[in-house]
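> Build me a model from this:
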Amino acid sequence: MARRRTYGRLLAEVKGATHLPARLLRRLLGLPEPGPSQAVELLIEWHRAHETWTRRFAGGRMRSRLTAGPRGGRLHERLGPVTLHFELRRADDAIDWQLCGGSLLGLPLPRAWFGSVLSCSGTQAGRYAFDIDARLPLVGRLVAYRG
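Numbers count the residues shown, from 1 in each chain. Here you go, the predicted model:
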């Protein structure tokens, strides 16, 4: 039986490129579409070997599955057919997620194909706060959201 916790409605400013390749990639990965002041609800479900994070944005739902990597300090986040590999670093009351690789349908791909993902989450003034910005080569800003 999974334990669940829902974090109340947060507001997020979502940005991203509006051209067709970016829109198609966001849809494939379940990422939110750009828009100002979107209500976001975060549900985290803890299972024995993984966590499922479901973020409900105004325009849809983004679900990812997080598992510990085989080496300590690594976290794998699966978004649709893509799995991103992160090293986690603590910075005061926040966690800085450093992208170090990824795979598509379980096949490792060159690190350069994943561009840059800046991700930091933690607490500010007693509230959950997040800042995510993902950019891909030839696509530009795929998605960025903060709140």
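> And the lowest mean pLDDT element among the helices and strands of this structure?
strand 3-15 (a mean of 81; mean pLDDT, DSSP states H and E).
> elements contacting that one?
On a contact count with 3 or more Cβ pairs under 8 Å, 6 or more residues apart in numbering; DSSP states H and E, strand 3-15 meets strand 35-46, strand 127-136, strand 140-146. C-beta coordinates here come from the backbone N, C-alpha and C atoms, glycine included.
> elements contacting the longest one?
Contact here means 3+ Cβ pairs under 8 Å, 6+ apart; on that basis strand 35-46 packs against strand 3-15, strand 51-57.
> about what we covered before: can you list the buried residues in the least confident helix or strand of the chain?
10, 12, 14-15 (16 or more other Cβ atoms under 10 Å).
> what does it rub up against?
Identification of contacts with strand 3-15 by Cβ atoms under 8 Å, 6 or more residues apart in numbering yields 32-46, 57, 128, 130, 141, 143-147.
> Mind doing that once more with 10 Å?
Here strand 3-15 makes contact (Cβ atoms under 10 Å, 6 or more residues apart in numbering) with 26, 31-47, 51-52, 54-59, 127-133, 141-147.
> and if you look at stretch 126-134?
7-8, 10, 12, 14-16, 25-26, 29, 31, 40, 42, 55, 79, 84, 93-95, 97, 99, 114-124, 141-147.
> before we move on, what about stretch 25-35?
Stretch 25-35 is contacted by residues 12-18, 22-23, 38, 40, 54-64, 78-82, 132, 134, 136, 139, 141-145 when judged by Cβ under 10 Å, 6+ apart.
> If we use 6 Å, what do you get?
Applying Cβ atoms under 6 Å, 6 or more residues apart in numbering, the contact partners of stretch 25-35 are 14-16, 57, 59, 62-63, 79-80, 142-143.
> want to throw the helices and strands packed on strand 35-46 into a markdown table with distance to residue 105?
Shown next, in a markdown table, are the helices and strands packed on strand 35-46 (distance: least, Cβ to Cβ, whole Å):
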| stretch | distance to residue 105 |
| --- | --- |
| strand 3-15 | 27 |
| strand 51-57 | 19 |
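> That'll do, ta.
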